[in-house]
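Chemist: model the following, please.
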Amino acid sequence: QVQLVASGGGLVQAGDSLRLSCAASGYTPVGWFRQVPGKDRTIIAAISRNGDSTYYANSVQGRFTVSRDNAKNTVYLQMNNLKPEDTALYSCAQRQRISYNHPYYENNDYDYWGQGTQVTVSS
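Modeler: Below is the predicted model:
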């Protein structure tokens, strides 16, 4: 049974940093998503199964970094220079279907979703 657990969220001020963690077992592509009330969940970062290829949404490019440690079954999202508009519920997702070694950046590319962790950025 696939289990995904995202952690590391919290309340920070604009300009601060946070690192989110996703406990994701298996050698599979992983994506980070965020959602605010009343809006669809959107992907912000993704990483290939061996970690050598990544994808970022324009809104976080240059500020966020996704990485993974397969020995620890963990995918990270380092978030720097946080802005109030980054406030959202962040969750990770895992693809279990047959995959190539590249990141996937569509919601329907993923099969399992974990519970999210709230990130709130005050101005």
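Chemist: give me the phi and psi angles of residue 42.
Modeler: Note on residue 42: its backbone torsions stand at phi -130, psi 150 [degrees, to the nearest 10].
Chemist: tell me the bridge partners for it.
Modeler: Here residue 42 sits in beta bridges with residue 34, as judged by DSSP bridges.
Chemist: residue contacts, it?
Modeler: 33-35, 57, 107 (C-beta atoms under 8 Å, 6 or more residues apart in numbering). Using the backbone N, CA and C atoms, a C-beta is placed for each residue, glycine as well.
Chemist: most surrounded residue in those residues?
Modeler: residue 33 (24 neighbours; other C-beta atoms under 10 Å).
Chemist: so that residue touches residue 40, yeah?
Modeler: No - if you go by C-beta atoms under 8 Å, residue 33 and residue 40 don't touch, sitting 9.7 Å apart.
Chemist: helix, strand, or coil at residue 71?
Modeler: Secondary structure, DSSP: H, G, I helix; E, B strand; the rest coil: residue 71 is helix.
Chemist: separation between it and residue 94?
Modeler: From residue 71 over to residue 94 the distance is 17 Å, taken as C-beta to C-beta, to the nearest Å.
Chemist: so, low pLDDT: which residues of the protein?
Modeler: 1 (pLDDT under 70).
Chemist: report the contact partners of the closest residue to residue 41 other than its chain neighbours.
Modeler: Spatially, and ignoring its direct neighbours in sequence, residue 41 is nearest to residue 35 (4.1 Å; C-beta to C-beta, 6 or more residues apart in numbering). Residues in contact with residue 35 (C-beta under 8 Å, 6+ apart) are 41-42, 88-89, 91, 116.
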